[in-house]
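Q: with the input below, show me the fold.
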Amino acid sequence: APDPRVGFGDGGPCGAGTPFIVSLLRLEMAGDVVRSIQGSFSGTLGFVTSGFDDGRKFSELVLDAHAKGLTEPDPRDDLNGMDVARKALILARTIGWDRTMADVAVAPLFPAALANVSLQEFMASLTSIDDEYARRYAEASDQGCVLRYVASIKDGKCDVGLKAVPLSSAVGRLKGTDN
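A: Prediction:
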């Protein structure tokens, strides 16, 4: 017979060790229905996007994050958004959604043309993206918003990408590697 004193649990890294999965499961056990989840689930992308708040350029932020060891050896492995997409999918499945990775819309932080170039060429090309992010940040700022790389799980849809969020929101107030 199974020993009633032995328990089994699970969890996963979806936010710097924050027990999101356990919290979601407890809500479900209490009979609550989770209708949406939104968050910034990457310390690396949080560092890069909150750096825009200080007027820093995208290229500078990525190079700084890389030098500090915050990125994968090839920063595209962070900047492509797939890590955030996997975490979003885990959370969507935790709340009962029957989804696959193909159901997650992912918007990388670099153009497709840079996906298959050498690492050295990629790093040297980062400055070509600076003006686009400066423009997008200025537009967000005009609306009282900041840019963050956000996972959104709502209305049957799961997407991750750079979004303008209110500066006063929980996601908008994140700084550095916080998520």
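Q: the strands in the chain, which residues?
A: Taking DSSP state E to define them, one finds strands in the chain at 36-39, 104-106, 145-154, 157-166.
Q: show residues contacting the first one.
A: For strand 36-39, the surrounding residues in contact (Cβ atoms under 8 Å, 6 or more residues apart in numbering) are 15, 88, 91-92, 95, 150-155, 171, 179. Every residue, glycine included, has its C-beta placed from N, CA and C.
Q: which one of those residues is nearest I21?
A: Distance to I21 across the contacts of strand 36-39 (Cβ to Cβ) is lowest for L91, with 7.4 Å.
Q: how about that closest one, nearest residue that isn't a chain neighbour?
A: Excluding its sequence neighbours, the residue lying closest to L91 (Cβ to Cβ, 6 or more residues apart in numbering) is I37, at 5.4 Å.
Q: next: G161.
A: Sequence neighbours aside, A107 is the residue nearest to G161 in space, at 3.1 Å (criterion: Cβ to Cβ, 6+ apart).
Q: so what pLDDT did the one you found get?
A: pLDDT for A107: 98.
Q: what ranges does the chain have for its helices?
A: Remark: helices assigned in the chain by DSSP state H are 20-29, 43-51, 58-67, 76-79, 82-94, 119-125, 130-142.
Q: so for G161, which of those sits nearest?
A: When these are compared (using Cβ to Cβ), the closest one is helix 82-94, at 8.8 Å.
Q: mind listing what's buried along the closest one?
A: Within helix 82-94, the residues that count as buried by 16 or more other Cβ atoms under 10 Å are 82-92, 94.
Q: quick one: list the elements packing against it.
A: Applying 3 or more Cβ pairs under 8 Å, 6 or more residues apart in numbering; DSSP states H and E, one finds that helix 82-94 contacts helix 20-29, strand 36-39, strand 104-106, strand 145-154, strand 157-166.
Q: same list, these, but as a markdown table with mean neighbour count please.
A: Output for those, formatted as a markdown table (neighbours: other Cβ atoms under 10 Å):
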| stretch | mean neighbour count |
| --- | --- |
| helix 20-29 | 15 |
| strand 36-39 | 17 |
| strand 104-106 | 17 |
| strand 145-154 | 22 |
| strand 157-166 | 20 |
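Q: dump these to a markdown table, plus distance to R76.
A: Putting those into a markdown table (distance: least, Cβ to Cβ, whole Å) gives the following:
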| stretch | distance to R76 |
| --- | --- |
| helix 20-29 | 26 |
| strand 36-39 | 22 |
| strand 104-106 | 13 |
| strand 145-154 | 14 |
| strand 157-166 | 15 |
